[in-house]
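# just coords:
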């Protein structure tokens, strides 16, 4: 996967738009970060992943999921795009989008899906 693949997935959803975060490409929902590309150019900074879930992901699929000390205290996981598939990334994106988008946008999206 690439960040362009991630963009194609997320930009289908209401209220998602291109942006930047820490000087890297990002996708935002109502000015809040949905996801961003890490400075290494190959990892997604994926918010909205509770620490216990992150631990399980890192333990079960360390080539795809990891985190650094910087993210240790935050509900985030890093996803190596070069090792990930759309079917792995999309559920994380969709779950976090649902927490950031307006209730109206989510309801309308669900009604049309």
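Nice, I can see it. Predicted, not measured: the structure shown is a model, and the values here were computed from it. Numbering: from 1, shown residues only.

# show the contacting residues for residue 71.
Residue 71 sits next to 45, 77, 78 when contact means CB atoms under 8 Å, 6 or more residues apart in numbering. Heads up, the C-betas are built off the backbone N, CA and C, glycines and all.

# list the buried ones in the longest helix seen in the chain?
If you go by DSSP state H, the chain has its longest helix at helix 86-100. Neighbour counts over helix 86-100 (16 or more other CB atoms under 10 Å) mark 89, 92, 93, 96, 97, 98, 100 as buried.

# can I get the contacts of residue 71 in JSON lines including distance to residue 35 and neighbour count?
Below are the contacts of residue 71 laid out as JSON lines (distance: CB to CB, whole Å; neighbours: other CB atoms under 10 Å):
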{"residue": "45", "distance to residue 35": "7", "neighbour count": "22"}
{"residue": "77", "distance to residue 35": "11", "neighbour count": "25"}
{"residue": "78", "distance to residue 35": "11", "neighbour count": "21"}
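
# tell me the pLDDT of residue 113.
The score at residue 113 is 83. That number is its pLDDT.

# ends of stretch 37-56, what's the gap?
22 Å (CA to CA, to the nearest Å).

# name the residues that touch that stretch?
Contacts of stretch 37-56 (CB under 8 Å, 6+ apart): 3, 6, 21-26, 33-36, 57, 65-67, 71, 74-82, 84, 89, 92-93, 95-96, 99.

# give me the buried subset of those residues.
Buried among these (16+ other CB under 10 Å): 3, 6, 25-26, 33-36, 57, 65-67, 71, 76-81, 84, 89, 92-93, 96.
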